[in-house]
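Generate coordinates for the sequence data below:
(2 chains)
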Amino acid sequence: MQSPEEQLAILKRGSAQILSEAELLTKLRLGRPLNIKLGVDPTAPDIHLGFTVCLQKLRQFQDLGHQAILIIGDFTAMIGDPSGRSKTRPQLSHDTIMANAKSFQQQAFKILDPARTRTVFNGEWFEMMNFEQIIRLNSRVTLQQMLHREDFRSRIERGDSVRLHEIQYPIIQGWDSVMVKADVEMGGTDQLFNILVGRDLQKEEGMPEQVVFLMPLLEGLDGVHKMSKSLNNYVGVTEAPSEMFGKLMSISDALMARYYLLLLGEEMPQGHPMDAKKDLARRLVARYHSEEEGAAALNDFNTRFSKRDLDSAELPGVPVASLGTDIISAVVAAYSEGFQMTKSRGDARRLVEQGSVQLRSEKVTDPKASPGFNAGDVLRLDKTRAVRLV
RNA sequence: GGGUAGAUACCGAAGUGGCCAAACGGGGCGGACUGUAAAUCCGCUGUCUCUGACUUCGCAGGUUCGAAUCCUGCUCUGCCCA
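The predicted structure is shown next:
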């Protein structure tokens, strides 16, 4: 086992903020495995690359002999969050949450070491609480404290509603830290406030305060907003190799440097940016699938796009019989059969009229065309998608 | 509880009786160019049986030849007062 100083040096790498390093060092010197807490929200079962930034750091802690504690926020998820101004977030059933949690773990263990991971559900302690205890818990923090939080404040300034239960989230999360006796809590930089509340509550309970360990937030594919499912700018760790590869190839060069740093933990190499990007994509596919699939995805990308040779690329097969006779029906069917995507006929028509659709390497721009479909033909739909007729 | 402002397409936001499937911006998508990058230019962005038809402007009714626009009720939200 490395010395506390060595451990700190390793852990510091790539982190955004640690409050405080001195405290962390003191804890590392205790010579026992530390409890490293990471809270997860079981509303969406898919882990994306943004979240892996935290998971990888957590793995590093594990490799240094520490204990990861994954807290599944089943309690909060069951309450649901009715605020979502545009979309009401559905209250999740217990079954859904358990299923999500399970799939979450499966994905997380692509990165984490199961032997050093403890998974707990916060319903374990919150479901037991009665109203008196809840009030008492609430009395420990002030409204001013909660309103200090950036996103609440900005919502108030914008005139958006903030529901009372939302300001309890930090308290709930903080109490989790008390219950699992967290030595360190990890999170993205947006978690600073919540994690600090955990410290306050631990202090009030007369226990040592957890160290705040923040990782940078990974920007999504758009390069602007943080990677998130709702913005649809994410890469999921379970996505198919070619899909993952393709998404990674579409990022900007500036963003690529970030991805190198946060996902691979190294500097972006010199040389042609495209080669660097291919290597990034290949390695990440290899990490979440396998070396072979990484190499295959790279190879496939090269034939499909660099050589523009769709015929020999691997494409989803779609039965000729499902296409109908006209080109619009065929495009709609190809999207749904080949990619499980629902396109309206209007969308399909636009793609055709605008020259995106190709059959047997020739553009079909007449929406009324019935060009005849044969097994073996390649039907190109848009920039990234094509199917092979079978 | 009282007052007041508001609810428009993915988001922001115009429109306040017919010229509105609804300006403009963002986002998204497609084309050209390329490295499936960036930048730039062009086009599209409710649905369909697509030079036309149909359904949309919080919900339900009503007035009118005609309503996103006027009236009534309801739901939701902000702000001010209590």
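
interface residues of chain A facing RNA strand B?
By CB under 7 Å from any atom of the strand, the residues of chain A that approach RNA strand B are A:86, A:156, A:159-162, A:222, A:242, A:245-246, A:249-253, A:256, A:273-274, A:277, A:301, A:304-306, A:328, A:344-347, A:349-351, A:354-356, A:382-384. To be clear about C-beta, it is placed using only N, CA and C from the backbone, and glycine gets the same treatment.

Which members of the residues you listed are classed as buried?
Neighbour-count burial (16 or more other CB atoms under 10 Å) is assigned, among the residues of chain A next to RNA strand B, to A:162, A:242, A:245-246, A:249, A:251, A:256, A:277, A:301, A:304, A:328, A:349, A:351, A:356.

Same list as before, these that is, but in JSON lines and with pLDDT included.
Converted to JSON lines, these look like this (pLDDT from 0 to 100):
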{"residue": "A:Val162", "pLDDT": "79"}
{"residue": "A:Ser242", "pLDDT": "89"}
{"residue": "A:Phe245", "pLDDT": "94"}
{"residue": "A:Gly246", "pLDDT": "91"}
{"residue": "A:Met249", "pLDDT": "93"}
{"residue": "A:Ile251", "pLDDT": "92"}
{"residue": "A:Met256", "pLDDT": "94"}
{"residue": "A:Lys277", "pLDDT": "95"}
{"residue": "A:Phe301", "pLDDT": "92"}
{"residue": "A:Arg304", "pLDDT": "89"}
{"residue": "A:Ile328", "pLDDT": "94"}
{"residue": "A:Arg349", "pLDDT": "94"}
{"residue": "A:Leu351", "pLDDT": "94"}
{"residue": "A:Ser356", "pLDDT": "93"}
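
now the helices for the stretch 51-200 of chain A?
All helices of the stretch 51-200 of chain A, identified by DSSP state H, counting those that start in this stretch, fall at A:74-79, A:94-108, A:123-126, A:131-138, A:143-147, A:150-158, A:169-180, A:192-204.

Between those helices, which one is closest to A:Arg13.
The closest of those to A:Arg13 is helix A:192-204. By CB to CB, the value is 19.6 Å.

So what's the gap between the closest one and the chain middle?
Centroid separation between helix A:192-204 and its chain, computed with CA atoms, centre = their mean, to the nearest Å, is 25 Å.

Please determine how far the nearest residue to A:Asp377 once chain neighbours are set aside is located from A:Met1.
Excluding the flanking residues, the one nearest A:Asp377 by CB to CB, 6 or more residues apart in numbering is A:Leu389, at 4.6 Å. To A:Met1, A:Leu389 is 59 Å away according to CB to CB, to the nearest Å.

Pick out whichever of those two has more residues nearby.
The neighbour comparison of A:Leu389 against A:Met1 (other CB atoms under 10 Å) goes to A:Leu389, with 22 against 9.
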